[in-house]
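**Q** Dropping the sequence and predicted coords here.
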Amino acid sequence: MNDLSTTPGPSIELGCGDAPVLRERGQREVFCGLTGIIWLHRKIQDAFFLVVGSRTCAHLIQSAAGVMIFAEPRFATAIIGERDLAGLADANDELDKVVNKLLARRPDIKLLFLVGSCPSEVIKLDLSRAAQRLSKDHSPDVRVLSYSGSGIETTFTQGEDACLASLVPELPALPDGERSLMVVGALADVVEDQFRRMFSELGIDSVHFLPPQSADTMPPVGPGTSYLLAQPFLADTARALEGRGATRLPAPFPLGVEGTTAWLKAAADAWGVSETKFEDVTSRPRARAAAALDRYRETLAERRVFFFPDSQLEVPIARFLNRELGMELVEVGTPYLHKQHMADELALLPADTMLSEGQHVENQLDRCREASPDLVVCGLGLANPLESEGMTTKWAIELVFSPIHGYEQAADLAELFARPMVRRTRLAV
Ligand code: SF4
């Protein structure tokens, strides 16, 4: 959906861990930030996402959520019509009418997100002012916030970042002298429960998750907050949390056995948990997860994988596939490389890993064809053409729809990559 104006001419710089980073600008093949609504609306159960956009935006959301049927959906699109675009109608008045009608009909909504889109940005509709105005009108029953899911210069996981960043000013203050751990990034409920249990076994009791499950369980934040990023695409949220005094615990991401162990250890060390206690709590699930990975190694070891930039999960996933399953990394493309948040991940990649940031899709397709990898991880738009050329592909978007974090999910994560390889073998018989 995004087509950036081309500024050709890649540049090469030395990146973290001395791995070279190829920086490219050009046409990109990624979904926009509206896509995040599909997993976010399931997390915050009394929230509603109102996209202020065009019919195209409505179609995107509807087709991404197409398999789900709801009695009372928790997202919708307020269509910007031709009269709004031509300036014949006051878009703010129209928006107020839509919101008032929605909230009158749905008293279960406690948190309303106005989600900006390319069209709302083009007509310069100021949704943050609209949110302030509507919040005042509907306070204290409903809080109205806004963020942009526009596809102009963004990729699809940035929708979650923008949404969570918009929540940060709303979080209650953590009382002075108190300490708490915040896990930041939407996780499947089953994963959240597992992590909560493990933190409790480690003796870390004051643990909160962002996003919360409801508008009235917002996690507190303050100088006593240490936070762990569960997702690697939350740069704005991290900045906003630090603005409120929170401190990031540097760690790799909790993907695979190694990543999960190092992530939990970062919290354990910050809370002064002893080595013995850490071993007691983690050794069994760690061994179970490592054993569950064994059966995927035969399919994946020594196979060559190529990542197109899409979900921003590419670097931690590449680390997992390389170190725990023995895959060779041909190219690891990512839309943005946040060097600080990625430092612990980059340190674990082989020194000669080819990293690329941004995209010039034609150039990257040329490199991919030339390398002829065994598996290509890419967006939906590229997968079918590449399959028709005989390549085996994995849709990157599945990584955000599936529970993949933590020990119990490590084998499921490996399975996501093994499945297309096995399917290709079967087709070839
Ligand atoms: S926000 Fe922009 S990129 Fe996304 S669906 Fe709407 S028009 Fe397309």
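**A** Nice, thanks for sending it over.
**Q** How about the residues of this structure by the ligand?
**A** Within the chain, the positions adjacent to the ligand are 1, 32, 34, 53-54, 56-57, 60, 117-118, 149-151 by Cβ under 6 Å from any ligand atom. Yep, even glycine has a C-beta here, placed from its N, CA and C like the rest.
**Q** and these as CSV, adding neighbour count?
**A** CSV is the format used below for these (neighbours: other Cβ atoms under 10 Å):
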residue, neighbour count
1, 16
32, 25
34, 30
53, 25
54, 19
56, 17
57, 27
60, 24
117, 29
118, 20
149, 30
150, 24
151, 26
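**Q** Next, format those as JSON lines and append pLDDT and secondary structure.
**A** Below are these laid out as JSON lines (pLDDT from 0 to 100; DSSP: H, G, I helix; E, B strand; the rest coil):
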{"residue": "1", "pLDDT": "40", "secondary structure": "coil"}
{"residue": "32", "pLDDT": "88", "secondary structure": "coil"}
{"residue": "34", "pLDDT": "92", "secondary structure": "helix"}
{"residue": "53", "pLDDT": "92", "secondary structure": "strand"}
{"residue": "54", "pLDDT": "90", "secondary structure": "coil"}
{"residue": "56", "pLDDT": "90", "secondary structure": "helix"}
{"residue": "57", "pLDDT": "91", "secondary structure": "helix"}
{"residue": "60", "pLDDT": "86", "secondary structure": "helix"}
{"residue": "117", "pLDDT": "94", "secondary structure": "coil"}
{"residue": "118", "pLDDT": "91", "secondary structure": "helix"}
{"residue": "149", "pLDDT": "93", "secondary structure": "coil"}
{"residue": "150", "pLDDT": "90", "secondary structure": "coil"}
{"residue": "151", "pLDDT": "84", "secondary structure": "coil"}
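**Q** Nearest to the ligand: which residue in the stretch 101-250 of the chain?
**A** Per Cβ to the nearest ligand atom, the residue of the stretch 101-250 of the chain with the smallest distance to the ligand is residue 151, at 2.6 Å.
**Q** And for that residue, nearest residue in space, chain neighbours not counted?
**A** Nearest in space to residue 151, with sequence neighbours left out and distances taken as Cβ to Cβ, 6 or more residues apart in numbering, is residue 32 at 2.9 Å.
**Q** Quick one: list the elements packing against the helix or strand containing residue 76.
**A** Assigned by DSSP states H and E, residue 76 falls within strand 75-79. Using 3 or more Cβ pairs under 8 Å, 6 or more residues apart in numbering; DSSP states H and E as the contact criterion, the elements in contact with strand 75-79 are strand 47-53, helix 55-64, helix 91-105.
**Q** Let's see that with 10 Å instead.
**A** Helices and strands touching strand 75-79, by 3 or more Cβ pairs under 10 Å, 6 or more residues apart in numbering; DSSP states H and E, are helix 37-43, strand 47-53, helix 55-64, helix 91-105, strand 111-116.
**Q** now the helix or strand following the shortest one: how far from the chain's centre is it?
**A** Read it as strand 111-116. Past strand 111-116, heading to the C-terminal end, the next element that is a helix or strand (DSSP H and E) is helix 118-122. With Cα atoms, centre = their mean, to the nearest Å as the basis, the distance from the averaged C-alpha position of helix 118-122 to the chain average is 23 Å.
**Q** Can I get helix 118-122 in PDB, CA atoms only?
**A** What follows is helix 118-122 as a C-alpha-only set of coordinates in PDB (Å, rounded to 0.1, in the frame of the first residue of the first chain):
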ATOM      1  CA  CYS A 118      -3.700   8.700   4.900                       C
ATOM      2  CA  PRO A 119      -6.900  10.600   3.900                       C
ATOM      3  CA  SER A 120      -7.400  12.200   7.300                       C
ATOM      4  CA  GLU A 121      -3.800  13.400   7.200                       C
ATOM      5  CA  VAL A 122      -4.200  14.700   3.700                       C
END
